[in-house]
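[1] Requesting a structural model of the entry that follows:
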Amino acid sequence: MQFYQNFFLTIPLNSSLDSEVAFTAAQDLAERAVKCDVRSDDVQSALGLVLSVSGQTSEALHALQRAVVLNPNNAHGRMHFAMAMMHPDSERSADALLQIRTAMLFSPADPYTWVFHGVACVACM
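    Next up is the predicted model:
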């Protein structure tokens, strides 16, 4: 979990890096973390999120599916999985809605509940 927090607090907020350099660095860090602990759902989720945001949808979906398989109760992993499913290349809005509804059931008082609802709204469009 510490990797996950450090990763999102340092890479995207470093204004001296352009976005391509930042995504490359973030992907490198996430891939190294996966090598350190291939069974960590948080690390798989972080890798999937980076891949998704950088436009590598297919690879992102594989990493995020691994995250959900490793820990089906990880609401944030399911949220990231749902978000990746809504990429225009994916066309899996119905699956995304199922994932985000499951995330809401597993974590009804989550601080990111507002994001869950936003993702659900977009999935319904």
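
[2] pretty sure residue 70 contacts residue 40?
    Yes. Judged on C-beta atoms under 8 Å, residue 70 makes contact with residue 40 at a distance of 7.4 Å. C-beta: built from backbone N, CA, C; applies to glycine.

[3] Disregarding flanking residues, what is the spatial nearest neighbour of residue 113?
    Leaving aside its sequence neighbours, residue 113 sits nearest to residue 104 (C-beta to C-beta, 6 or more residues apart in numbering; 7.1 Å).

[4] Contact partners for the one you found?
    75, 110, 113, 116-117, 120 (C-beta atoms under 8 Å, 6 or more residues apart in numbering).

[5] which residues are contacting stretch 87-100?
    The contact list for stretch 87-100, computed with C-beta under 8 Å, 6+ apart, reads 52, 57-58, 60-61, 68, 78-79, 81-86, 116, 119-120, 123-125.

[6] redo that, cut-off 7 Å
    52, 57, 61, 78-79, 81-82, 84-86, 116, 119-120, 123-124 (C-beta atoms under 7 Å, 6 or more residues apart in numbering).

[7] could you flag which of those residues are buried?
    Taking 16 or more other C-beta atoms under 10 Å as the criterion, what is buried in the contacts of stretch 87-100 is 52, 57, 61, 78-79, 81-82, 84-86, 116, 119-120, 123.

[8] Tell me the one of the residues you listed nearest residue 44?
    Distance to residue 44, by C-beta to C-beta, is smallest for residue 81 among those, at 10.1 Å.
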